[in-house]
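>>> Sequence below, structure please.
(one chain, ligands or ions: 2)
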Amino acid sequence: MHWLEKYLLPPSCQLCGATARDDELCPACASEARVVVSACPLCALPNDDSSVCASCSLTPPAWQQAYSCLVYDGSVQTLIQNWKYQRRHSAARLLCETLSGWLTLQAITTEATAIIPIPLHPKKLRARGFNTAYALARAVSSTLKLPILEKALVRNLFTPAQAGLDKNARQKNLVGAFSILPENLHGHQRILLIDDVYTTGATLSHCTRLLQEAGVKQVTILTLARALPPDVF
Ligand SMILES: [Zn+2]
Ligand SMILES: [Zn+2]
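Residues are numbered from 1 along each chain as shown. Ligands and ions are numbered 1, 2, ... in the order given. Reported below is the predicted structural model:
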């Protein structure tokens with residue numbers, strides 16, 4: 001949006017164009033966004049009582065704790081796609097503010113002493129110009145007052161998109177995709193690992209294991225949005 005339009009046009013919802021307060025969401029689009037208030041502490045799957053879900057009881061994830069702010073569907077999915085693929089600054093601002101506000105409202109505390117965003121492949125970073133996980137990490141860094149370790153986890157090879165691959169193919173796809181540069185951990189042993197969307201958790205699991213192999217004792221996952229498995233509504 002041209003800066004002048006902001007003053008000349010009435011404020012409208014950034015998703016449907018209905019009247020809304022200053023480039024936010026209209027009440028209808030906002031009510032479609034599902035905010036997570038209670039979830040499995042290990043995989044961030046929303047539930048009513050914050051209990052560990054059946055799947056995590058059976059096979060606990062590699063990390064120690066997981067949080068997610070929103071459910072990845074409806075208006076949230078559209079906003080995230082608008083940010084990632086159309087570079088909509090208004091969506092970026094709204095989503096980063098939502099994550100910061102959620103951390104404060106939910107009184108999320110963490111024992112982590114530093115933040116690591118999941119890196120984007122350099123080719124993708126060049127094409128897109130920004131990494132959503134890094135932008136989210138900056139918002140979290142200022143809210144939780146934790147430093148970001150920028151070069152501790154790096155991406156190596158070009159890995160094909162994970163979408164459409166089954167679980168085994170996803171895992172295979174990840175071998176060699178990331179490396180840890182231990183000297184850039186600067187001795188931090190409790191890490192908050194941040195990504196935009198938690199889909200299957202394969203990338204997050206892989207990176208958690210690499211961090212643990214490098215001596216990290218505690219990994220907490222924080223994602224902006226959690227995709228629900230097909231059998232959960
Ligand atoms: Zn709307
Ligand atoms: Zn779970």
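
>>> now stretch 139-155, how far from the centre of its chain.
Centroid displacement of stretch 139-155 relative to its chain, using Cα atoms, centre = their mean, to the nearest Å, is 13 Å.

>>> So what touches that stretch?
Stretch 139-155 is contacted by residues 96-97, 99-100, 103-104, 108, 110, 112-122, 134, 137-138, 177-182, 184-186, 188, 191-192, 194, 207, 210-211, 222 when judged by Cβ atoms under 8 Å, 6 or more residues apart in numbering. Just so you know, the C-beta spots here come from the backbone N, C-alpha and C atoms, and that holds for glycine as well.

>>> List buried residues within those residues.
96, 99-100, 103, 108, 110, 112-121, 134, 137, 177-178, 180, 185, 188, 191-192, 194, 207, 210-211, 222 (16 or more other Cβ atoms under 10 Å).

>>> Strands - which of those residues land there?
114-117, 178, 180, 191-192, 194, 222 (DSSP state E).

>>> now for the residues you listed, which pair is the farthest apart?
Ile180 and Leu222 (18.8 Å; Cβ to Cβ).

>>> Helix or strand with the lowest mean pLDDT in the chain?
Every helix and strand of the chain was ranked by mean pLDDT, DSSP states H and E. The lowest is helix 5-8, at a mean of 65.

>>> following it, which helix or strand comes up?
Sequence-wise, the next helix or strand downstream of helix 5-8 (DSSP states H and E) is helix 27-32.

>>> contacts for the helix or strand that that next one is followed by?
Next helix or strand after helix 27-32 toward the C-terminus (DSSP H and E): helix 54-58. Outside helix 54-58, the residues that touch it by Cβ under 8 Å, 6+ apart are 40, 42-43, 45.

>>> Show me which of those is closest to Ala202.
Cys43 (12.5 Å).

>>> Quick one: name the residues of the protein near ligand 1.
Residues of the chain lying near ligand 1 by Cβ under 5 Å from the ion: 13, 15-16, 18, 26, 29.

>>> which two from those residues end up farthest apart in space?
Most distant of these, by Cβ to Cβ, are Leu15 and Ala18, 8.6 Å apart.

>>> Of those two, give the one with the bigger neighbour count.
More crowded of Leu15 and Ala18, by other Cβ atoms under 10 Å: Leu15, with 23 against 12.

>>> Domains of the protein: list them as residue ranges, please.
Per automatic domain parsing, the domain ranges recorded for the chain read 1-32, 35-226.

>>> Where does pLDDT dip in this protein?
1-7, 22-23, 157-163, 165, 231-233 (pLDDT under 70).

>>> residues from it in reach of ligand 2?
40, 42-43, 45, 53, 56.

>>> Give me the PyMOL select line for the residues you listed, limited to the buried ones.
Buried members of the residues of the chain next to ligand 2, defined by 16+ other Cβ under 10 Å, are picked up in PyMOL with:
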select buried, resi 40+42+43+45+53+56
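
>>> With distance to Val216 added, can I get the residues of the chain next to ligand 2 in TSV?
As requested, the residues of the chain next to ligand 2 are arranged in TSV below (distance: Cβ to Cβ, whole Å):
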residue	distance to Val216
Cys40	22
Leu42	17
Cys43	19
Leu45	24
Cys53	24
Cys56	20
